[in-house]
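Student: have a look at this prediction, sequence included:
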Amino acid sequence: MWVEGQIVVDNVESWPEFCARVNRGLSKFLSNGRSGERVAIFSSGGPVGVAVQRALHLSALDTLRVAWMARNCSYSEFLFSGKRFTLSTFNSFPHLDDESFHTYR
């Protein structure tokens, strides 16, 4: 309901405001990237979902579904060059060899 604008709470940003904030951060990061550079950004599932939305042009509802699928301590990889921003790997966790670590939220 938050994503669809059906719930408005004082002092809580709306879904479009949240996505705009995440995208501003991504744009700032991408505009300063250098060729061949590898960078790690640590975040939670919401911003990861918005990054996937940007790469795959997902709807708001599909973006939320993606965000809920992110596992704790997983990683996703994106490739970027100029205006190109693409998803290479999503929700990968080969570094978590103990299945008890395969958790959500």
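Tutor: All right, it came through fine.
Student: any stretches of this structure with poor pLDDT?
Tutor: 105 (pLDDT under 70).
Student: spatially central residue in it, please.
Tutor: residue 48 (1.4 Å; Cα atoms, centre = their mean).
Student: I'd guess that one is in a strand, am I close?
Tutor: No. Counting by DSSP: H, G, I helix; E, B strand; the rest coil, residue 48 falls outside a strand, being helix.
Student: list the contacts of residue 21.
Tutor: Taking Cβ atoms under 8 Å, 6 or more residues apart in numbering, we find residue 21 in contact with residue 13. C-betas here are computed from N, CA, C, even on glycine.
Student: excluding its backbone neighbours, what's nearest the residue nearest to the centre of the chain?
Tutor: Among residues not flanking residue 48 along the chain, residue 70 sits closest, at 5.2 Å (Cβ to Cβ, 6 or more residues apart in numbering).
Student: list the contacts of the one you found.
Tutor: 44-45, 48-49, 76, 91, 104.
Student: one more time with 6 Å, if that's ok
Tutor: Taking Cβ atoms under 6 Å, 6 or more residues apart in numbering, we find residue 70 in contact with 45, 48, 91.
Student: which one of those sits closest to residue 8?
Tutor: Nearest to residue 8 among the contacts of residue 70: residue 45, at 22.3 Å, using Cβ to Cβ.
Student: which element is residue 55 on?
Tutor: helix 45-56 (DSSP states H and E).
Student: and the contacts of that helix?
Tutor: 19, 22, 63, 66-67, 70, 76, 85-87.
Student: mark which of those residues are buried, thanks.
Tutor: 19, 22, 63, 66-67, 70, 76, 85, 87 (16 or more other Cβ atoms under 10 Å).
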